[in-house]
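Participant: Pasted the sequence and its predicted model underneath.
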Amino acid sequence: MRNVDEINELLRPLARVEPGQPDSRASGAGARALLASIAVQEPDIASRGLGRTRRYAPRGPRRLALGLTAAAVLAAGVVVGPSLLEDGRGVAVSYANSAVEIGREGDQYVARIKDPFADHAEYTEAFHAVGLNVDLRLVPVSPGGVGKILGMIIAAKGSSRPDPEVRPDPSGPRFGGVALSMETAPKGCRPVQNGHCVMVMRIPAGFTGSVDVRLGRQAKPGEEYANFDSAMAPGEMFGGVRLRNGRSVDDVLAEARRRNLIAVFSLIRMDERTGVMSSFDPLPEDRVGPGWTVWNAWQVRAGVIRLLVTPERLPENPFYNGSAPPPAS
Amino acid sequence: MDDDGAARFEAVYRETYDQIAAYAARRCDSPQDAADVVAETFTVAWRRVGELPPGQEARLWLYGVARRVLADHRRSAVRHRLRSVELDAEMVDLYGDSPDSGVGLSVIAAVFRSLSDDDRELLSLVAWEGLGREEIATTLGLSRNAVRIRLYRARRRFSRALDGADVRSAPGSRMVPTGRSL
C-alpha cells in the first residue's frame, strides 16, 4: 500500500487549482459583487417559499451592514446578473416568444408562461427585452407543487428594496406597494390538469433590482422532484404521515406499501460536536434494520419516497432542532 | 443581526473566499457550477452567521457547508444562482490552468474517479486542501479516530485500484501507468 506522501504526490497534479497556491480573488469584481448581493439579502426573503411560510423562522431583523468594500461595489452599480437596465432606454413594453408572453398592465408587468418546458434562455430573453432582470427557472415538482414558487432571491437595487413587512404577505414581497407574485390563470386552476391553465408572474413595473425565481412545473416521467421536502404536506405522496417523534422503519415501510410507493433510504449522520446533522448518505435497503428510526421523508420522484433514518433513536428529531428548515406538514 | 456579526461575516468572506473557490473549482466540472457552489455556500454562511465558529475553524466549517451544498447541487435540489457575469468570469480563470492531461495523469484521474465519493473527499481534503486529521474531523463532523480509520481504508482502496490499473512506481518515485488501458 502506498504511503501518505506518495498518494498526495499522485493526487496533487489532478487538482484544478494548484494546492497551496497563493492568490487573492476575494478582491475581484465578481467576488465583491457576490458579497454585495448576499449583503442586501434579508434572510427571510432569501429562503422564502411562498407556498410555505415556515422556512427558517425569522430571528429578529438581520441585515448586513455593508462594509466599505461592498458599499463601493453597490455604488458602482454592480449587482447580480447582466445589468440590462443601464442601457435599457427605449425597451419594449411587451414581448412574446414561444415560451412566454410579457405585457405591461397598469403598474405591473405580467408574464404568462406559455411553455413551462422551454429553454431557460427563452424566458431570460423575454424578461430582458422589457427591461426586467428576472431569472426564471422552471424546476420539476410533484403535481401539488406546480405553479408554486420554491425559492426566490431578490437582489434589490436603488429604491426597490422590498417594503418593510409588518406581517409577511403570502402573495409575495411588495415594491412601492406593488406585489411581485405568482398565480395561475384562470384563477385557482391547476396547470397539470387543465391545458388552458397557465402560470402567471406579476412584477412591479418600478422594480429595478434582479430576482431569481424557482418555479414548479410538472415533472416529466422519471424526473426527480425539486420540492422533495414537501412529501408530507397535504396532497403530497406522504401527506398526513407524522414523523415528528420518529417512527420505526417497519411501520413507515408498511405505510409506503399501502400507498404503493417504493422506499429508498438515506442515513442521517450527526455532527458529534455540534449535535446537528452533517450529511445524508444513500443506504441500500438491506443495510437498514426494521427497528431503525425514520425522522423525515422526501419525495424523490413519482412513486418513490426517501426515508431518512438513524440506527439508534435520537433524543429529538434532528429536523426540528434548528439545524434545518422543519419539514412541511 | 448586530453589526459584529456582519463585520465578522465580511472578514471571514475575505479570508476564506480563495479557499472556498478553490474547493469548489476542484470538485465541479464547470466554472458555472463552481460559482453556484461558492455563492450558495456563502449565502448559507450569512444566514447562519450566528453559528460561524471563530478563527481557523470558520474555514473548516465552510468546507463542511460547501460539501453539503455541492451534494445538493449534484442532486439538482438546491440552485439559487446568485451568480454574476463577473463571478463566472473569475471562476473561468481558475479553470484556466487545467491539470496536465498526460496519459499517466488521466489514468490516475480515472482510478481516482472510480473511488466512492467519501473516499475521494477524504483523500482530496488531505492532498488538495492540505488538511490534517483533526481538521478533517472538524470539517466532516467525525471523530479523529473515525477519520484515521476511514483515511487508512481510502488509501488502501486507492492503492489497490492503482495496482489493478497497472500503475507502478517508476524511478524517482513518479507514478506512471505501465500500459494496460482502463
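Facilitator: Done, it's in. Numbers count the residues shown, from 1 in each chain, chains lettered A, B, ... in the order given.

Participant: remind me, longest helix of chain B?
Facilitator: helix B:3-27 (DSSP state H).

Participant: Beyond that one, next helix or strand please.
Facilitator: Per DSSP states H and E, helix B:3-27 leads on to helix B:31-47 as the next helix or strand towards the C-terminus.

Participant: mind exporting that following helix as CSV, just the C-alpha atoms?
Facilitator: The C-alpha trace of helix B:31-47 is given here as CSV (Å, rounded to 0.1, in the frame of the first residue of the first chain):
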residue,chain,number,x,y,z
PRO,B,31,-16.9,27.1,-13.7
GLN,B,32,-20.6,27.9,-13.6
ASP,B,33,-21.3,25.1,-11.2
ALA,B,34,-18.4,26.2,-9.1
ALA,B,35,-19.7,29.7,-9.0
ASP,B,36,-23.1,28.4,-7.9
VAL,B,37,-21.5,26.4,-5.1
VAL,B,38,-19.4,29.4,-3.9
ALA,B,39,-22.4,31.7,-4.0
GLU,B,40,-24.7,29.3,-2.2
THR,B,41,-22.0,28.4,0.4
PHE,B,42,-21.6,32.0,1.5
THR,B,43,-25.3,32.6,1.3
VAL,B,44,-25.8,29.8,3.8
ALA,B,45,-23.0,31.1,5.9
TRP,B,46,-24.6,34.5,6.1
ARG,B,47,-28.0,33.0,7.0
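
Participant: so residue A:215 makes contact with residue A:135?
Facilitator: No: if you go by Cβ atoms under 8 Å, residue A:215 and residue A:135 don't touch, sitting 10.9 Å apart. Quick note: C-beta positions are derived from backbone N, CA and C, even for glycine.

Participant: More neighbours: which of these two?
Facilitator: residue A:215 (25 against 22; other Cβ atoms under 10 Å in any protein chain shown).

Participant: List phi and psi for the more buried one.
Facilitator: Main-chain dihedrals, residue A:215, degrees, to the nearest 10: phi -120, psi 140.

Participant: Show me what it bridges to in the sheet.
Facilitator: residue A:138, residue A:149 (DSSP bridges).

Participant: where in chain B is pLDDT low?
Facilitator: B:1-3, B:75-86, B:96-106, B:168-182 (pLDDT under 70).

Participant: Domains of it: list them as residue ranges, please.
Facilitator: Listed by automatic domain parsing, the domain ranges of chain B are B:1-98, B:99-182.

Participant: Same question for chain A.
Facilitator: According to automatic domain parsing, the ranges for chain A are A:30-76+A:91-218, A:228-320.

Participant: Confidence-wise, which of those is weakest overall?
Facilitator: Note on the domains of chain A: lowest mean pLDDT is at domain A:30-76+A:91-218, with a mean of 69.

Participant: From one end of that domain to the other, what's the distance?
Facilitator: 34 Å (Cα to Cα, to the nearest Å).

Participant: In stretch A:253-260, which residues are buried?
Facilitator: A:253, A:255-256 (16 or more other Cβ atoms under 10 Å in any protein chain shown).

Participant: Looking at these, spot the one nearest residue B:14.
Facilitator: residue A:256 (48.1 Å; Cβ to Cβ).

Participant: That closest one and chain B: what is the separation?
Facilitator: Residue A:256 sits 21 Å away from chain B, going by Cβ to the nearest Cβ, to the nearest Å.

Participant: Was I right to think that residue contacts residue A:264?
Facilitator: No: using Cβ under 8 Å as the test, residue A:256 is too far from residue A:264 to be in contact (10.0 Å).

Participant: Would you report the backbone torsion angles of whatever residue of the stretch 151-300 of chain A ends up closest to chain B?
Facilitator: For the stretch 151-300 of chain A and chain B, the shortest gap (Cβ to the nearest Cβ) falls at residue A:271, measuring 3.1 Å. Residue A:271 adopts backbone torsions of phi -80, psi 120, taken as degrees, to the nearest 10.

Participant: correct me, but it touches residue A:278?
Facilitator: Yes: proximity of residue A:271 to residue A:278 meets the contact threshold set by Cβ under 8 Å, at 4.2 Å.
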